[in-house]
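Student: kindly generate the corresponding structure for this input.
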Amino acid sequence: MTENEIAQIIVDTAYRIHTTIGPGLLESAYEAIFVHELRKRGLRVQRQVGVPIIYEDVAIEEGFRADMIVEDLVIIELKAVERLAPVHKKQLLTYLRLTRKKLGLLINFNEEKIKDGIHRVVNGL
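Tutor: Residues are numbered from 1 along each chain as shown. So this is what the prediction gives:
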């Protein structure tokens, strides 16, 4: 399965969750539901993955935590905020670079329409 095929499933899942539950929950609730739904669809999902980084030849054990990594190809960064800030996309792009992954999805569930809350971030895709 390619990054784009996985992304389509993720977007469909986000739409389903948002139309069923709507905005207003905490990120952690959306994350738990998202993991459940993606696994029901047969995808391998890791949640709250500690990712080490190398800085000046030193391994920093927990450089950051990825909300979800799907099929070891796509990083999902979930938000439940009134408005995304430009730093959120930059944060995800940094995650992609450090993990050498090509595609990430930034999803904000606190939008009236979920299509306004889904943003693709690419790293050489």
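
Student: make it CA atoms for all contacts and neighbour counts henceforth
Tutor: Noted.

Student: tell me, how many residues neighbour the nearest residue to E71 once chain neighbours are set aside?
Tutor: Excluding the flanking residues, the one nearest E71 by CA to CA, 6 or more residues apart in numbering is R44, at 5.0 Å. Other residues within reach of R44, judged by other CA atoms under 10 Å, total 13.

Student: contacting residues for R44?
Tutor: For R44, the contacting residues are 38, 70-72, by CA atoms under 8 Å, 6 or more residues apart in numbering.

Student: show the pLDDT at the closest residue to N123 other than its chain neighbours.
Tutor: Leaving aside its sequence neighbours, N123 sits nearest to K102 (CA to CA, 6+ apart; 4.5 Å). With respect to pLDDT, K102 has a value of 96.

Student: now do K102 against V121, distance only.
Tutor: Per CA to CA, to the nearest Å, K102 is found 8 Å from V121.

Student: leaving aside the residues next to it on the chain, what's closest to R65?
Tutor: The shortest distance from R65 to any non-neighbouring residue, by CA to CA, 6+ apart, is to G50 (4.5 Å).

Student: I107: which element?
Tutor: Assigned by DSSP states H and E, I107 belongs to strand 103-108.

Student: in its sheet, what does that strand sit against?
Tutor: In the sheet, strand 103-108 lines up against strand 74-79 (parallel), strand 118-122 (antiparallel) (DSSP bridges).

Student: just those: most buried one?
Tutor: strand 74-79 (a mean of 23; mean count of other CA atoms under 10 Å).

Student: tell me the buried residues in the longest helix seen in the chain?
Tutor: In the chain, taking DSSP state H as the definition, the longest helix is helix 3-21. Across helix 3-21, burial judged by 16 or more other CA atoms under 10 Å covers 3, 6-7, 10-11, 13-15, 17-18.
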